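Novice: Any chance you could fold what I've pasted below:
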Amino acid sequence: MKDMLKPVIVLASICLIATAMLAYVNELTQPVIIKAEEQAAAAARSEVLPDAKKFEKLDFPKLPDGVNELYKGDNGTGYVVQVHTKGYGGDIKIICGVDMDGRITGVKTLSHSETSGVGTKAVDNNSGYRDKFVGKDKRGCESVDAITGATISSNAYKKALRIALDACKLAMEVKG
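Specialist: Below is the predicted model:
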C-alpha cells in the first residue's frame with residue numbers, strides 16, 4: 001500500500017503546482033489579452049464602417065437573437081453590429097457595417113470553426129465571398145449565390161448578415 005501511495009502523492013503535487021502556475025500566468029496575461037481584443041474590435045469596426053471615426057455602443061432590450069454588440073457611428077454614418085450564428089463546423093462570428101440607407105458597407109469574419117478548404121471559402125476574409133455583400137441591402141443579400149460545397153457555411157453567413165441588417169433597421173427606427 002505504501003508503495004502505491006508515494007507515486008499518487010507525487011503526481012498530485014505535480015498537478016497542483018502546474019495548475020497553480022497556469023492560474024498565475026493566466027492572471028498576468030488576462031488584462032493584456034482583453035486590451036488586445038478591444039483594439040482588434042475597434043479596428044474591425046473602423047474597417048467595416050470606414051466613414052465613422054468614433055462609435056457609441058448601444059443597448060437595446062430586444063435585439064434579434066445572435067446579436068452580440070451594436071454600435072452607432074458618429075455623424076450619422078451608420079451602424080456596426082457584431083453577430084454570431086451556427087455554421088457547419090460551429091459558430092461563425094462576424095462584424096458588419098451598415099449605412100443609413102440599410103446597405104452593407106463592409107463585413108469581416110472575426111472567428112469561425114468551418115471546415116478548412118471547403119467551408120472557409122464562405123467565411124474566410126480573403127476568399128472574396130464577403131465582398132459580394134458590400135453595397136447590398138437585405139433583399140440584395142439573398143441574391144448572392146451560395147458557394148458550391150459550402151452551402152451550409154454560405155447560408156449561415158447570409159443568415160448572420162440578415163440578423164445584422166435586422167438589428168440595424170431596429171436601431172434606425174428607435175435611434176434614427
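Novice: and residue 89, how many residues sit next to it?
Specialist: Look at residue 89: counted by other CB atoms under 10 Å, it has 18 neighbours. Bear in mind the C-beta positions are built from the backbone N, C-alpha and C, glycine included.
Novice: would it count as being in a strand?
Specialist: No - secondary structure of residue 89 (DSSP: H, G, I helix; E, B strand; the rest coil): coil, not part of a strand.
Novice: Can you verify my assumption that it contacts residue 118?
Specialist: No - using CB atoms under 8 Å, residue 89 is not in contact with residue 118, being 9.8 Å away.
Novice: so what sits against both of those two?
Specialist: residue 153 (CB atoms under 8 Å, 6 or more residues apart in numbering).
Novice: what secondary structure does residue 84 sit in?
Specialist: Residue 84 - assigned by three-state DSSP - is strand.
Novice: quick one: contacts for it?
Specialist: Residue 84 is in contact with 66, 68, 91, 92, 93, 94, 160, counting by CB under 8 Å, 6+ apart.
Novice: The first one contacts residue 161, correct?
Specialist: No - using CB under 8 Å, residue 66 is not in contact with residue 161; the gap is 10.8 Å.
Novice: Going through the contacts of residue 84, which ones are buried?
Specialist: Buried members of the contacts of residue 84, counted by 16 or more other CB atoms under 10 Å: 66, 92, 93, 94, 160.
Novice: Skip the chain neighbours and tell me the closest residue to the first one.
Specialist: What it means is residue 66. Computed as CB to CB, 6 or more residues apart in numbering, the closest residue to residue 66 that is not its neighbour in sequence is residue 163, at 4.5 Å.
Novice: and that neighbour, how many neighbours does it have?
Specialist: 21.
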